[in-house]
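3D model of this:
(2 chains)
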There are 2 protein chains.
Amino acid sequence: MYRKKIKVLDCTIRDGGLINNHDFDHRFVREVYKAISESCVDYIELGYKNSDKIFSPEEYGLWKFTRDEDILKVIDGIESNTKITVMADVGRCNFDEIKEKSESPVDMIRTATYVKDIDKAIQMANHFHEKGYETTINIMAISRDSGSFELEEGLHQIEEESHVKVVYIVDSFGNLYQETTENLVKQFKSIIKKSEVGFHGHNHRQLAFGNTIEAIIHNANYLDATVFGIGRAAGNCPLELLIGFLKNPKFNISPIFDLISKELIPLRKKIEWGYLIPYAISGMMNEHPKAAMALRNSDKKDNYREFYESLLTTELE
Amino acid sequence: MYRKKIKVLDCTIRDGGLINNHDFDHRFVREVYKAISESCVDYIELGYKNSDKIFSPEEYGLWKFTRDEDILKVIDGIESNTKITVMADVGRCNFDEIKEKSESPVDMIRTATYVKDIDKAIQMANHFHEKGYETTINIMAISRDSGSFELEEGLHQIEEESHVKVVYIVDSFGNLYQETTENLVKQFKSIIKKSEVGFHGHNHRQLAFGNTIEAIIHNANYLDATVFGIGRAAGNCPLELLIGFLKNPKFNISPIFDLISKELIPLRKKIEWGYLIPYAISGMMNEHPKAAMALRNSDKKDNYREFYESLLTTELE
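Now for the predicted structure:
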């Protein structure tokens, strides 16, 4: 699959940070940035732009805040054409604190929102746009809102009121499969005309890569992935699979293999992500994986039947 | 997805046997048979029907030969509507040794073949049919032969000369994705009119479940899967995901979760399967995973870049 418009965004540090409190050291982030740059991946997302007035820097690692000075430390001296992105959650980012683009190493700010907060997301994204950044709006937990009036209306608002480069479908619960992915991409593309459509998969049912391919087939052009699929719960679409699938000769997969050997394999022994039955159950049931993540941190971590049946009961209440 | 014609075949013991020399003990096979029966899965495949004149029983476990007396031991006293299948490879099965169906607990014999041996497979399958068994022909390594004249001719032969119930697409190399799966299912269905079309995926690129869904969408009705995805190299389509996706109310997923907790999690600590980079590389390159499996058994098991670059060089020779 070679379509020049396709752009790949690595969010290893940003989504991976959701399982270690965003606590990667400068050395690790620098190694990831180096490999992603050598692989000619288009964008790299280094963290969240949360306000340190809302979250305490004593409780979270650096990439919960992703200060420009930390970004400058990890990119210093590395040759790169990879653009830098950060993510800002609606309600968690004091966006007046963000500098003008001309004073920052950041190229793009992605605003993450639920459907209900699209108005706020547009306001934030417009603010970042005025400061000179490329912007996106990423609509999370989409499998809960698929086909809703609110989503339809929200997409029209984004089209009419924002200047975003990309509107992303984010399958936070790992519930989508090909047909639901196809329907969403077609719906987004039928409304969003000025911007590109993007896709961010989660791997609860081992469908993150397959759904990303499906999104490509239906002309989504911005694709998220992480090295070795690291990310919350079952993780994301593995970057190595996506790069191995796309035929654009600019991509170089070897530095990603090196990075997995040297950094991700040792890391996986310390923190857990990937296909595990509680996450598969969350995905099937279209639930946020937080209950499954709590189970994995308990002494009942492999009691799958009990977990499944407890969710069934909750749903019926 | 609920289509009454859909039949699910669990091949945990048969495909799982490819990573432990078919050496499961009676207790383990009995536990699997019990859970599969309770889950109301349609078929269970217990092993290969290889001749002990071709392979030595001293070198291989019981399920390389799958004698009727071993099957009777593991099913004894367990209530079940699940039919029993065994697999016979072209050239490895002395098919005169196989008893009449009326004297055997086996319901179906599946003949596995490469495209080049379809004539032999038809002869074998017809022999099993005459003995009273349900039969199938499973065409392996299909991603190498997709679109070939030989495949087209072979499918016509099967349609005209055999009595098989199902013709299976087997993605031995884990190279298929949605579009290639769709093309193959459509090609099979355009020629195979008397039999059903089946699908057996491999998970090298995390696409086994996604491709199985794709096959369902295009009307394949026989679907292979294994518990927790156990199987050669990256393994197969996980049965729990497939049962969680299919909406037929007859299926019961809870016994499968129990089986994973009690049997598969401990087993995975002893033998290796699942998503690993060398298998992803084999899948991308449309290669048999044997080189990757050898790598995983060596002291270079995590040298992914070197492995990838060695395959690139081999391909160019």
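
got a list of what residue A:174 touches?
Contact partners of residue A:174, counting by Cβ atoms under 8 Å, 6 or more residues apart in numbering or on different chains, are A:201-205, A:207-208, A:233-234, A:279, A:282-283, A:289. Placement of C-beta: from N, CA and C, glycine included.

Buried subset of these, written for PyMOL?
A single PyMOL command selects the buried members of these (16 or more other Cβ atoms under 10 Å in any protein chain shown):
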select buried, chain A and resi 201+202+203+204+205+207+208+233+234+279+282+283+289
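
before we move on, which element is residue A:111 in?
strand A:108-113 (DSSP states H and E).

next structured bit after that strand?
Remark: after strand A:108-113, the chain's next helix or strand is helix A:118-130, criterion DSSP H and E.

so that following helix versus strand A:108-113, what angle?
Helix A:118-130 and strand A:108-113 are oriented at 170 degrees to each other (axes from the mean of the first three to the mean of the last three Cα atoms, to 10 degrees).

if we can go back for a sec, among the contacts of residue A:174, which lie within helices?
Among those, the members found in helices (DSSP state H) are A:208, A:279, A:282, A:283.

which ones are touching the residue nearest to residue A:129 when sequence neighbours are not counted?
The shortest distance from residue A:129 to any residue other than its chain neighbours is 4.5 Å, reached at residue A:163 (Cβ to Cβ, 6 or more residues apart in numbering or on different chains). Neighbouring residues of residue A:163 by Cβ under 8 Å, 6+ apart: A:125, A:126, A:129, A:135.

how about the last one, phi and psi?
Read that as residue A:135. phi -130, psi 160 (degrees, to the nearest 10).

Ignoring the adjacent residues along the chain, who's closest to the closest residue to chain B within the stretch 201-317 of chain A?
In the stretch 201-317 of chain A, the residue that lies nearest chain B is residue A:210 (2.9 Å; Cβ to the nearest Cβ). Using Cβ to Cβ, 6+ apart and skipping residues adjacent in sequence, the residue nearest residue A:210 is residue B:210, 2.9 Å away.

Which strand or helix spans that neighbour?
Residue B:210 belongs to helix B:208-217, assigned by DSSP H and E.

Give the pairing partners of the helix or strand following that helix; include direction for each.
Next along the chain after helix B:208-217, taking DSSP H and E as the criterion, comes strand B:222-225. Strand B:222-225 has the following strand partners under DSSP bridges: strand B:7-10 (parallel), strand B:196-200 (parallel).

Just the residues contacting strand B:222-225, thanks.
When contacts are defined by Cβ under 8 Å, 6+ apart, strand B:222-225 is touched by residues B:6-11, B:15, B:136, B:166, B:168, B:196-201, B:212, B:215-216, B:236-239, B:241-243.

buried stuff in stretch A:54-63?
Those would be A:60, A:62, A:63, for stretch A:54-63 by 16+ other Cβ under 10 Å.

so which helix or strand takes in residue A:66?
Using DSSP H and E, residue A:66 falls within no helix or strand.

hmm, back to that, how about the residue nearest to residue A:129, phi and psi?
Per degrees, to the nearest 10, the backbone of residue A:163 is at phi -120, psi 30.

Next one: it from chain B, what distance?
Here residue A:163 is placed at a distance of 34 Å from chain B (Cβ to the nearest Cβ, to the nearest Å).

Verify the contact between the residue nearest to residue A:210 and residue A:178 for me.
Yes - with contact defined as Cβ atoms under 8 Å, residue B:210 reaches residue A:178; the gap is 6.8 Å.

Show me where the stretch 1-150 of chain A has its helices.
A:12-16, A:26-38, A:68-75, A:118-130, A:142-145, A:149-161 (DSSP state H, counting those that start in this stretch).

quick one on the thing from earlier: now do the helix holding residue B:210, average pLDDT.
Averaging pLDDT along helix B:208-217 gives 98.

Need the residues that contact it.
Residues outside helix B:208-217 that contact it (Cβ under 8 Å, 6+ apart): A:177-179, A:205-207, A:209-211, A:213, B:1, B:3, B:6, B:169, B:171, B:174, B:176-178, B:181-182, B:185, B:197, B:199, B:201-203, B:223, B:225, B:229, B:234-238, B:241-242, B:245.

which of the residues you listed count as buried?
For these, buried by 16+ other Cβ under 10 Å: A:177-178, A:205-207, A:209-211, A:213, B:6, B:169, B:171, B:174, B:176-178, B:181-182, B:185, B:197, B:199, B:201-203, B:223, B:225, B:229, B:234-238, B:241-242, B:245.

Sitting in strands, which of those residues do you find?
B:169, B:197, B:199, B:223, B:225 (DSSP state E).

Is it correct that the second one is in contact with residue B:219?
Pointing back at residue B:197 there. Yes - the pair residue B:197 / residue B:219 is scored as a contact, 7.2 Å apart, by Cβ under 8 Å.

hmm, back to that, between the helices of the stretch 1-150 of chain A, which has the poorest average model confidence?
Note on those: helix A:142-145 shows the lowest mean pLDDT, a mean of 93.

which parts of it are buried?
Within helix A:142-145, the residues scored as buried using 16+ other Cβ under 10 Å are A:142, A:143, A:144, A:145.

nearest to residue B:41, of those residues?
residue A:143 (26.9 Å; Cβ to Cβ).

For the stretch 201-317 of chain A, which residues score under the pLDDT cut-off?
A:315-317 (pLDDT under 70).

Which positions in it make contact with chain B?
Applying Cβ under 8 Å from any Cβ of the partner chain, one finds that the stretch 201-317 of chain A approaches chain B through A:203, A:205-211, A:213-214, A:217, A:228-229, A:238, A:240-241, A:244-245, A:253-254, A:257-258, A:260-261, A:265, A:274-275, A:277, A:280-281, A:284, A:302-305, A:308-309.

so how far is residue A:166 from residue A:197?
7 Å (Cβ to Cβ, to the nearest Å).

Need the overlap of contacts for the two.
Joint contacts of residue A:197 and residue A:166 (Cβ under 8 Å, 6+ apart) are A:221, A:222.

want to try TSV for the contacts of residue A:174, with distance to residue A:23 as columns?
TSV is the format used below for the contacts of residue A:174 (distance: Cβ to Cβ, whole Å):
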residue	distance to residue A:23
A:201	25
A:202	21
A:203	22
A:204	24
A:205	28
A:207	29
A:208	24
A:233	18
A:234	21
A:279	22
A:282	24
A:283	26
A:289	20
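
quick revisit: indicate each strand paired with the strand holding residue A:111 and its parallel or antiparallel sense.
Per DSSP bridges, strand A:108-113 is paired in its sheet with strand A:83-89 (parallel), strand A:134-139 (parallel).

residues in contact with it?
Residues outside strand A:108-113 that contact it (Cβ under 8 Å, 6+ apart) are A:43, A:45, A:49, A:83-90, A:98, A:120-121, A:124-125, A:128, A:133-140, A:165, A:168, A:170.

List buried residues within the residues you listed.
Among those, those scoring as buried are A:43, A:45, A:49, A:83-90, A:98, A:121, A:124-125, A:128, A:133-140, A:165, A:168, A:170 (criterion: 16+ other Cβ under 10 Å).

Just want the residue of the stretch 51-200 of chain A that's nearest chain B.
At 5.5 Å from chain B, residue A:177 is the closest residue in the stretch 51-200 of chain A, using Cβ to the nearest Cβ.

my guess is that residue meets residue B:242, correct?
No - counting by Cβ under 8 Å, residue A:177 stays clear of residue B:242, with 11.6 Å between them.

Per the annotation, how does chain A divide into domains?
Here the domain parsing of chain A from automatic domain parsing is A:7-268, A:277-316.
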